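> need a structure here:
(2 chains)
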Number of protein chains: 2
Amino acid sequence: MDRCIMCIVLLFAALSANGGHTKEIPNFIVMLMDDMGWGDLGVFGEPSKETPNLDRMASEGMLLTDFYSANPLCSPSRAAMMTGRLPIRNGFYSTNAHARNAYTPQDIMGGIPDSEILLPELLKQSGYHTKLVGKWHLGQQPQYHPLRHGFDEWFGSPNCHFGPYNDVNTPNIPVYRDAVMAGRYYEEFQIDKRTGLSNLTMLYLDEAIQFIKQQHLKKQPFYLYWTPDATHEPLYVSEKFYNTSQRGLYGDAVRELDYAVGEILKTLVTLGLDKNTFVFFSSDNGAATYAKTSGGSNGPYLCGKETTFEGGMREPAIAWWPGKISSGQVSHQVGSLMDLFPTILDFLGLKPPSDRIIDGISLKDTLFQNTGVQRPLFYYRGNTLMAVRLGQYKAHLWTWTNSIQEFNRGVNFCPGQEIQNVTTHDQTQHDPPLLFDINRDPGEKYFIKPNSEEYRSVMPEIQSAVATHIKHLVPGTPQLNMCDEAVMNWSPPGCERLNKCLTPPASKPYKCTWPH
Amino acid sequence: MDRCIMCIVLLFAALSANGGHTKEIPNFIVMLMDDMGWGDLGVFGEPSKETPNLDRMASEGMLLTDFYSANPLCSPSRAAMMTGRLPIRNGFYSTNAHARNAYTPQDIMGGIPDSEILLPELLKQSGYHTKLVGKWHLGQQPQYHPLRHGFDEWFGSPNCHFGPYNDVNTPNIPVYRDAVMAGRYYEEFQIDKRTGLSNLTMLYLDEAIQFIKQQHLKKQPFYLYWTPDATHEPLYVSEKFYNTSQRGLYGDAVRELDYAVGEILKTLVTLGLDKNTFVFFSSDNGAATYAKTSGGSNGPYLCGKETTFEGGMREPAIAWWPGKISSGQVSHQVGSLMDLFPTILDFLGLKPPSDRIIDGISLKDTLFQNTGVQRPLFYYRGNTLMAVRLGQYKAHLWTWTNSIQEFNRGVNFCPGQEIQNVTTHDQTQHDPPLLFDINRDPGEKYFIKPNSEEYRSVMPEIQSAVATHIKHLVPGTPQLNMCDEAVMNWSPPGCERLNKCLTPPASKPYKCTWPH
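As a prediction, the model looks like this:
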């Protein structure tokens, strides 16, 4: 406790020195949606226009049109956001096969390494009180839990809310209250798989609001990482929003999340915290196009989750900080979830760790002055650099959707879309790379001919950015190679208290299979 | 003159009686874009967000998300809007082949029949001063010209600005000032085909503003039909907006049109006419997807111009009338360009002609009170009813993009899109119809199985709407069957004055060929 108070004093002093006069220490709220697509918000063109609160948030702040996740899949994307580093560096990838999407199902052995520095760790050191509400996804074994990696509080789950399982072959996913389990999905925390009814988003909203109020009372700077997962299959929604959307259950879930965002912002305003709180809204990867009408929308962009086309990694993004971020702005700055790490540190006058490569860049000037800076954006799939964006150009070094065998079984990441030599069903290397102007051609339909003047004038700079990237790349130890049923959520900490401990099978590690 | 003054008096009396107190007679401005798609406006999700004036117009008025053209092609769409009647009724179709898109190139013999009643005719009778600025497209022979069908003034062209022609085999398209030609495209009215530079949109803007100012001075109620065609190939833009868009020349053209819309609205505000002027913005058909990166965007919708998928007929639409239409509204009312006819009449307390079927409905209550009404929407292609929308459901009776021969030659109305049994390359009749929920599935990708409960509960009402429609359908005399090079714009009225008369060839009428 003494340590933290000291930190606040130091930070306060630093902020004062920085600005030349006394400033309030800002709060930070990062709202990260699950499988929500670029096109799911009214302000991004969703025809039903059912997100009035998010649309208002955008009109009161800054809309970022060219904002990306660091990966087309959940766990790597979230690990990258937390560390400011690409999954290939922080270990959230697999080398079991080439260019495969790997994540953290509950039989995964890996998780976020202790050697990685997470944003909440640095904020905690600076006197912030930190809380995660929602899905973690950086490893389900206790050593990987949020409270071991910078969070003071946690309400939510380590894995996706898949199920119901039978607790014999597979345990149901636990929901944690801080370091101990509070129950399991489909047991204490119900999701009706038939109807989609569940009060989880309301629980997560309530947690957020209570947390904000408590910190406000204590005059305690806070960092809230809010990650409800209602838009990830199996979709869920509260009774209040059930069957209220034009778009079916997926739209119901979006409407409830939009409502919740509105309530959180309203709480900030009511408490007078709005001018002192940076709120950022985004999503972890593109909409799950394979989920058909149960998935979201990627607007005009190609394909979705699991792919390195724009639909897989371009995200809705809104920054809100009344008084600091002017209202009604649009930025086309190429941004990444990884930028939140250095940006939030920059707000405090702090630099990111200098002993490692940080892939994110500070967007402080973009947010405060709407300036722009050119930077390359790297699209990874597993252990492979698939594509690069620089300015309005995107070059595919590799293309792949999924295998033709899987595709023929009905798994389709690009339903209704087929672009020759682009939406390939084998892992196709492109040398020379396939080049697109994604401003003129957001759908990645019309490649720029390699013998054209445009191609020849653009590619050298892109190739140079790739070469520099590769030159400095030291891949982290892959965390997503090995699986073991023994590490599943059989006996989470606190299970004894609830009499919910299950007996794990004997440990039998095996190489995880990542089909696509 | 006496007649008109009398009309104003009568109308004024009618309006007073209607409301029980004296009201100002409103002005009407209809802005109809050319080949602009649903997804081309920032407010509809275009990523570059380059339409600040249109987005503001929407925020000050009502955005209509479910608004349609009456046809996926220009001439029939415009004829339908002017008459409030489907092309199959007003004659803007062909029977030369099945389900073909026909329009009014300059060798067309037909045009808008005298028997049709056009909105400006009724408004003129009620004392309005009426002007068309831009493309007409309801027939190039003098008997079909705007001044013969209700317009007091015209500045613009009868046909598309294709060319340049050599004036020997084909004459360049004339630009008219009222009843006489003022010059020709590529001659007096330049479009640089290499760069795309042309000042035409600025000319059309200036015409609009001068017209509004003149009517204001005369205290004369007016109807302005403003139809610039900069977004129709060959694209054009003024120097001021050249190379300013992220999206290339198409985006430059959109930016200039957005600017022009802003200037027109600003003029209304400056003159104090804003509270007394209904302004409606839309487009004649979906974006020309076949034009690749020179075409616009249909957002999440399928295919484009020439097709009866959503991308071909769903249009951007904004209604603006400060004080009458509340700001910041969104309506999901299924609307049609044909609705402008009865809606504008309704604003005046007038009923549409009762001696014929009017397909449009009054949207007055939708616009003023944001109420909704269920109505079937019919998607025609030429002489064939291809599809029907009722509520959130759309049933395809026929599907067709274009012939496989044409497709193999590179003409593609659905680039990058391929949905089995939907984006067909033969004219495919669907019995039972292909049913989609276009709210849950805006991309028309997932048909509802005919043996499902949903299908069985929905189809009877749709089938009944079709049966009623067919029962009362008396097709008009097809105007777009016959072509003749002798009827081209060789010697438009007034050509003598400019010494620009050309000698027509001998008349040789032939059946027009409509390839798709």
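> Of all the residues in the stretch 101-250 of chain A, which one is nearest chain B?
Chain B sits closest to residue A:246 of the stretch 101-250 of chain A, with a gap of 4.1 Å, by Cβ to the nearest Cβ. C-beta here means a position set from N, CA and C on the backbone, and glycine is covered the same way.
> contacting residues around the residue of chain A found nearest chain B?
Closest contact between chain A and chain B, by Cβ to the nearest Cβ, is at residue A:45 (1.5 Å). For residue A:45, the residues meeting the contact criterion (Cβ atoms under 8 Å, 6 or more residues apart in numbering or on different chains) are A:39, A:299-300, B:39, B:43-46, B:299-300.
> most surrounded residue in those?
Among the contacts of residue A:45, the one with the most neighbours (other Cβ atoms under 10 Å in any protein chain shown) is residue B:44, at 31 neighbours.
> Look up the closest residue to that one, ignoring the ones flanking it.
If the residues on either side of it in the chain are set aside, residue B:44 comes closest to residue A:45, at 5.1 Å by Cβ to Cβ, 6 or more residues apart in numbering or on different chains.
> What values do phi and psi take at the one you found?
For residue A:45, the backbone dihedrals are phi 100, psi 10 (criterion: degrees, to the nearest 10).
> which residues in the stretch 51-200 of chain A form helices?
Secondary structure of the stretch 51-200 of chain A (DSSP state H, counting those that start in this stretch): helices located at A:52-60, A:74-83, A:87-90, A:119-125, A:200-217.
> Grab the longest helix from chain A for me.
Once chain A is assigned using DSSP state H, the helix that runs over the most residues is helix A:249-270.
> hmm, the next helix-or-strand element following it in reach of chain B?
Sequence-wise, the next helix or strand beyond helix A:249-270 is strand A:277-283, with elements assigned using DSSP states H and E. No: using Cβ under 8 Å from any Cβ of the partner chain, strand A:277-283 never reaches chain B; the gap is at least 15.5 Å.
> Which elements pack onto strand A:277-283?
strand A:27-33, helix A:52-60, helix A:249-270, strand A:318-320, helix A:340-347 (3 or more Cβ pairs under 8 Å, 6 or more residues apart in numbering or on different chains; DSSP states H and E).
> what pairs with the shortest one, and is each one parallel or antiparallel?
Partner strands for strand A:318-320, per DSSP bridges, with pairing direction: strand A:62-64 (antiparallel), strand A:277-283 (antiparallel).
> Can you lay out the ones you listed as a markdown table showing mean neighbour count and mean pLDDT?
A markdown table is the format used below for the strands paired with strand A:318-320 (neighbours: other Cβ atoms under 10 Å in any protein chain shown; pLDDT from 0 to 100):
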| stretch | mean neighbour count | mean pLDDT |
| --- | --- | --- |
| strand A:62-64 | 25 | 98 |
| strand A:277-283 | 25 | 98 |
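> Now do the buried residues in stretch A:142-156.
A:144-156 (16 or more other Cβ atoms under 10 Å in any protein chain shown).
> ok, now which ones touch the residue nearest to residue A:153 when sequence neighbours are not counted?
The shortest distance from residue A:153 to any residue that is not its chain neighbour, by Cβ to Cβ, 6+ apart, is 4.0 Å, and that residue is residue A:131. The contact partners of residue A:131, by Cβ under 8 Å, 6+ apart, come to A:151-155, A:207, A:211, A:222-225.
> ditto for residue A:161
Residues in contact with residue A:161, defined by Cβ under 8 Å, 6+ apart, are A:135, A:173, A:185, A:191, A:200, A:229, A:232, A:234, A:236.
> can you check residue A:101 too?
Residue A:101 is in contact with A:72-73, A:306, A:381-382, A:514, A:516, counting by Cβ under 8 Å, 6+ apart.
> just residue A:432 next, same as before
A:450, A:455, A:459.
> Helices - which of these land there?
Among those, the members falling in helices (DSSP H) are A:455, A:459.
> Out of the contacts of residue A:432, which end up buried?
Those of the contacts of residue A:432 that meet the buried threshold are A:455, A:459, by 16+ other Cβ under 10 Å.
> quick one on the thing from earlier: do you know how far the residue nearest to residue B:44 is from residue A:238?
For residue A:45, the distance to residue A:238 equals 26 Å [Cβ to Cβ, to the nearest Å].
> ok, now residue A:30?
According to Cβ to Cβ, residue A:30 stands 23 Å off from residue A:238.
> Checking my notes, residue A:470 in a strand, right?
No: counting by DSSP: H, G, I helix; E, B strand; the rest coil, residue A:470 falls outside a strand, being helix.
> Burial check on it, number of neighbours?
The local packing of residue A:470 (other Cβ under 10 Å) involves 10 other residues.
> check contacts around it.
When contacts are taken as Cβ under 8 Å, 6+ apart, residue A:470 is in contact with residue A:385.
> Please read off the pLDDT at it from the model.
At residue A:470 the predicted local distance difference test score is 98.
> and if you look at residue A:422?
At residue A:422, the pLDDT value in this model is 98.
> neighbours around it, how many?
A count of nearby residues for residue A:422, using other Cβ under 10 Å, gives 24.
> what's the helix or strand for it?
Element membership for residue A:422 (DSSP H and E) is empty, with no helix or strand holding it.
> likewise the one 10 residues further on?
When elements are defined using DSSP H and E, residue A:432 is found to belong to strand A:428-437.
> buried residues in that strand?
Under the neighbour-count criterion of 16+ other Cβ under 10 Å, strand A:428-437 has A:430, A:433-437 buried.
> Quick check: chain neighbours aside, which residue is closest to residue A:218?
Of all residues beyond its chain neighbours, the one nearest residue A:218 is residue A:129 (7.8 Å), with distances taken as Cβ to Cβ, 6+ apart.
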